[in-house]
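Undergrad: sequence first, then the predicted structure, then my questions.
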Amino acid sequence: MKIFKDFKSYNQSMGMELPLDNDIDVGYYDPPKIILSSEPVVVDFYRISIKIKYKRKSTPDVDPVSAVFFNTPDLIIEPGWDAEPTYTGMYLQLSKKIIDENRFLFKTYLDYGQHEALYLTDDEVEEVTAVFKLMIKYYESEIKHFGVLLSYVNVLVSLVEAFYKRQFSTNPKQYNRVVTDFQQSLIDYYNKPVKQLPNVQYFADKLGLTANYLGDILKHFTKKSALENIHEFVIKRAKELLEQNKEMNTTEIAYELGFEYPNYFSKFFKKLAGFSPKDYRLQLTQKLQH
């Protein structure tokens, strides 16, 4: 597996134009010059890759697609290149330094990771292509236009985020499956002894997604954040234990749910349920007596 620390070494290896800058690189794909297959690679920077009419050699029965592919640092690009030499497209490469210095421009998309391709409509391809033409213009000009270039980078990322929301709405089956798998993973987590409360990253790893991307899907389809979904499930489970296991005290239930400190469980329960675990049990007893 090859690891690339900078644009120059990566571009040379892949047959792409050499970068004009160490922190930002914009260019067009030229398939006759680019290698069409490679081993898995890791890049230590961010890549946004727009491929038009892209088709893998390994899937000859699958129609070509136009899509945005994305990689964050340290993620393996698997299985590397495996392309028919018929696609066109553009790429944007950003150093970790430029992201850190301009984080407010890039929102959550840059944390999505490599797993989430965005499939583009013909109209969206036209929009992205128009923005890239402007990016190339200012990239190839003097460095004094760097601020303008960065603004167009922001426009591109904003467009991609908007297109993702469109994809959520137009292809609900794919994303409903993610929601269902997440909910099942929550159930599975509590069907075995637990040592700690589950977090969003745990479920993102289980589903092969990044935490931000999973959160965006859940927010779109459930109207609640990933953490809110987890907390809602924990409260539901806590109520079941309080109702069905009268012999368990609050401390035992807290440990059963993965809380390290029983006092935190009581505060957590009261905040989300409106009353303490003890008061909840008292209400249940009073209802039974009536």
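TA: Cool, got the structure. Numbering: from 1, shown residues only.
Undergrad: can you pull out the low-pLDDT segments for the stretch 1-150 of the chain?
TA: Confidence mapping of the stretch 1-150 of the chain against pLDDT under 70 gives the ranges 58-62, 76-83, 106-117, 142-144.
Undergrad: just the helices in it please.
TA: For the stretch 1-150 of the chain, helices defined by DSSP state H, counting those that start in this stretch occupy the ranges 7-14, 96-101, 122-139, 146-170.
Undergrad: a markdown table for those helices, including mean neighbour count and distance to residue 286?
TA: Glycine gets a C-beta too; all of them are placed from N, C-alpha and C. Shown next, in a markdown table, are the helices of the stretch 1-150 of the chain (neighbours: other Cβ atoms under 10 Å; distance: least, Cβ to Cβ, whole Å):
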| stretch | mean neighbour count | distance to residue 286 |
| --- | --- | --- |
| helix 7-14 | 16 | 68 |
| helix 96-101 | 14 | 56 |
| helix 122-139 | 16 | 59 |
| helix 146-170 | 16 | 45 |
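Undergrad: possible to save the ones you listed as TSV with distance to residue 263?
TA: TSV is the format used below for those (distance: least, Cβ to Cβ, whole Å):
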stretch	distance to residue 263
helix 7-14	51
helix 96-101	38
helix 122-139	51
helix 146-170	39
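Undergrad: may I have the phi/psi pair for residue 38?
TA: Note on residue 38: backbone dihedrals following degrees, to the nearest 10 are phi -160, psi 160.
Undergrad: and it, how many neighbours?
TA: Close neighbours of residue 38, defined as other Cβ atoms under 10 Å, add up to 16.
Undergrad: quick one on the thing from earlier: of the helices of the stretch 1-150 of the chain, which is nearest residue 35?
TA: Closest approach to residue 35 among the helices of the stretch 1-150 of the chain (Cβ to Cβ): helix 7-14, 5.8 Å.
Undergrad: who touches that closest one?
TA: Taking contacts as Cβ atoms under 8 Å, 6 or more residues apart in numbering, the residues outside helix 7-14 that touch it are 2, 4, 16-19, 22, 25, 34-35, 38, 41, 43, 45, 81, 93, 95.
Undergrad: all strands for the protein, in order.
TA: 2-4, 24-28, 41-43, 46-54, 65-71, 76-77, 88-94, 118-119 (DSSP state E).
Undergrad: out of these, which is closest to residue 150?
TA: Shortest separation from residue 150 across the strands of the chain is recorded for strand 24-28, at 7.7 Å, computed as Cβ to Cβ.
Undergrad: partner strands of that closest one, with direction?
TA: With DSSP bridges as the criterion, the sheet partners recorded for strand 24-28 are strand 88-94 (antiparallel).
Undergrad: between the partner strand and helix 122-139, how big is the angle?
TA: Between the axis of strand 88-94 and that of helix 122-139 there is an angle of 50 degrees, by axes from the mean of the first three to the mean of the last three Cα atoms, to 10 degrees.
Undergrad: give me the buried positions along strand 88-94.
TA: Buried residues in strand 88-94, counted by 16 or more other Cβ atoms under 10 Å: 88, 89, 90, 91, 92, 93, 94.
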